[in-house]
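A.B. asks: please find the sequence and the predicted model below.
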Amino acid sequence: MSAALFNLNQDLQRLREDGYFVQITGGLLVMREVPYVTSMREVKMGTIISTLCLSGDVTQKPEPHTVHFEGEFPCNADGTTIEGISAGAVPAAPTLTAQYMLSSKPGPEGYQDYYQKMATYAAIIAGPAAVLKPGTTSRVFRQPDTDEDSPFNYVETASDRVGIGALTARLEGECLAIIGVGGTGSYVLDQVAKTPVREIRLIDSDDFLQHNAFRAPGAPSIETLREAPKKVDYFAEIYSRMHRQIVPHAVQIDAGTVHLLEGVTFAFLCMDAGEPKRLAMQKLEEMGVSFVDVGMGLELVNGSLGGILRVTASTPDMRSHIRERVSFEGGGGENVYASNIQVADLNMLNAALAVIKWKKLRGFYRDLDKEHHCSYTTDGNMLLNGDFV
């Protein structure tokens, strides 16, 4: 994917043709082996790091005009600070540690492309090094050994752009299962497809019908609805445009299909109560895999809806509560989560709470309470935690 970006964009391609050692890491454009002078008048090698603004696979006008620099602060040949560039400590990508932010704006219009931006900073930083050691240059004419292997079909520029690339990297390598891709499960997919997990398995035997269209992200055409595709195939086709390795399984969990959970590292159970849920939970527990189970119970009373959303987590550190919170029976008047009423906005919220819990368990979000059960009540806008480790 990175190689394709260099082939498709003249500004990136020109950087390599002119000998700069550049590559794309995460959502950042990185120039390595840039010589610079330290305050002790030593010549060392540093790295220039820029955010990358893309529209699909086409570079746009660079914004902002600043870059990050990995190394000591670059100086003039006499060891004095280079004027015209300001400094500030900033985080960078998971595999990079930038000590400084550098700012050199060529004019009110900024840089026109990434060649102008990166070559300008390289000249400012490397120029003094050539004074001390004639022939020293940032044009080393060396290509990176490999380009990054990404789970996405195009570069994810959102995380590194705001400095959370290191956190997002904690989600890499995951193999997720979403069991049930109805109202809530489809919104779970919408969110996790935007993370760098290795694989997403979709398990659901149902067709995607008209009522599903009004409880799911996106907007299917009437032609699609007439075809009545399987839910897993419909959603896999959409989200595979962004994320690779979305694997559909148009089956229900039973004794003959529960093996599809083998190899997963986390699961979202967005399915109705019943024997398939019991089998799925049992298999995940046997494998030592964490999972979350979601539930929604809405009632129409006196002309308005009210009810509760639930997210219950199960981890190897805490399993005992799960069967008190989750029903395996196929409905029942005493089960507050058994109602079939669903509304898209609450499906979306239920999914968001489930994904947030997964990210908490993976260290992406701060988790002070370490709750394993959370409920949201609509009429009082009340969010309650329970089942603490």
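C.D. replies: Received, thanks.
A.B. asks: ok, now which ones touch residue 200?
C.D. replies: The contact partners of residue 200, by Cβ atoms under 8 Å, 6 or more residues apart in numbering, come to 175-178, 189, 192-193, 239, 243, 245-247. No exception for glycine: its C-beta is placed from N, CA and C like everyone else's.
A.B. asks: among the residues you listed, list the two that are farthest apart in space.
C.D. replies: Farthest-apart pair in these is 175 and 239; separation 15.5 Å (Cβ to Cβ).
A.B. asks: as a check, name the ranges of all helices in the stretch 251-389 of the chain.
C.D. replies: 275-287, 322-325, 344-361 (DSSP state H, counting those that start in this stretch).
A.B. asks: model confidence score at residue 380, please.
C.D. replies: We have a pLDDT of 92 for residue 380.
A.B. asks: before we move on, what about residue 274?
C.D. replies: pLDDT, residue 274: 89.
A.B. asks: now swap in residue 1 and tell me
C.D. replies: With respect to pLDDT, residue 1 scores 58.
A.B. asks: surely residue 258 and residue 280 touch.
C.D. replies: Yes: counting by Cβ atoms under 8 Å, residue 258 touches residue 280, with 6.8 Å between them.
A.B. asks: who has more neighbours out of these two?
C.D. replies: residue 280 (25 against 18; other Cβ atoms under 10 Å).
A.B. asks: any figure for the gap between the more buried one and residue 327?
C.D. replies: Distance, residue 280 to residue 327, using Cβ to Cβ, to the nearest Å: 14 Å.
A.B. asks: can you check residue 66 too?
C.D. replies: The gap separating residue 66 from residue 327 is 54 Å, by Cβ to Cβ.
A.B. asks: pLDDT below threshold where in the stretch 201-350 of the chain?
C.D. replies: Applying pLDDT under 70 to the stretch 201-350 of the chain flags residues 330-339.
A.B. asks: wait, residue 66 sits on residue 100?
C.D. replies: No: the criterion here is Cβ under 8 Å, and residue 66 misses it with residue 100 at 10.2 Å.
A.B. asks: who does the helix or strand harbouring residue 125 touch, helix- and strand-wise?
C.D. replies: Per DSSP states H and E, residue 125 falls inside helix 114-132. Applying 3 or more Cβ pairs under 8 Å, 6 or more residues apart in numbering; DSSP states H and E, one finds that helix 114-132 makes contact with helix 10-17, strand 28-37, strand 43-51, strand 67-70.
A.B. asks: how about residues contacting that helix?
C.D. replies: Contact with helix 114-132 is made by 9-12, 14-15, 18, 20, 22, 29, 31, 34-37, 41, 43, 46, 48, 50, 52, 59, 62, 65, 67, 69, 74-77, 82, 84-85, 102, 104, 106, 111, 136-138, as judged by Cβ under 8 Å, 6+ apart.
A.B. asks: flag every buried residue along that helix.
C.D. replies: In terms of neighbour count (16 or more other Cβ atoms under 10 Å), helix 114-132 has its buried residues at 114-115, 117-122, 124-130, 132.
A.B. asks: same deal with stretch 188-203?
C.D. replies: For stretch 188-203, burial by neighbour count (16+ other Cβ under 10 Å) applies to 188-197, 199-203.
A.B. asks: next, the contact list for the residue nearest the centre of the chain, please.
C.D. replies: By Cα atoms, centre = their mean, the mean C-alpha position of the chain lies nearest to residue 195, the distance being 2.2 Å. Residue 195 makes contacts with 168, 171, 174, as judged by Cβ under 8 Å, 6+ apart.
A.B. asks: again, only this time at 7 Å
C.D. replies: By Cβ atoms under 7 Å, 6 or more residues apart in numbering, residue 195 lies in contact with 168, 171.
A.B. asks: what does the pLDDT read for it?
C.D. replies: Residue 195 is assigned a predicted lDDT (pLDDT) of 96.
A.B. asks: for it, give its distance to residue 181.
C.D. replies: Between residue 195 and residue 181 the distance is 17 Å, computed by Cβ to Cβ.
A.B. asks: go on, residue 6?
C.D. replies: From residue 6 to residue 181 the distance is 36 Å (Cβ to Cβ).
A.B. asks: these two: who's more crowded?
C.D. replies: Counted by other Cβ under 10 Å, residue 6 and residue 181 do not tie: residue 181 has more neighbours, with 28 against 20.
A.B. asks: give me the distance between residue 43 and residue 152.
C.D. replies: Computed with Cβ to Cβ, the distance linking residue 43 and residue 152 is 38 Å.
A.B. asks: so those two - more neighbours on which side?
C.D. replies: Neighbour count, other Cβ under 10 Å: between residue 43 and residue 152, residue 43 has more, with 17 against 14.
A.B. asks: which residues does the more buried one contact?
C.D. replies: 35, 37, 129, 132-133, 136.
A.B. asks: of these, closest to residue 346?
C.D. replies: Nearest to residue 346, judged by Cβ to Cβ, of the contacts of residue 43 is residue 35 at 57.8 Å.
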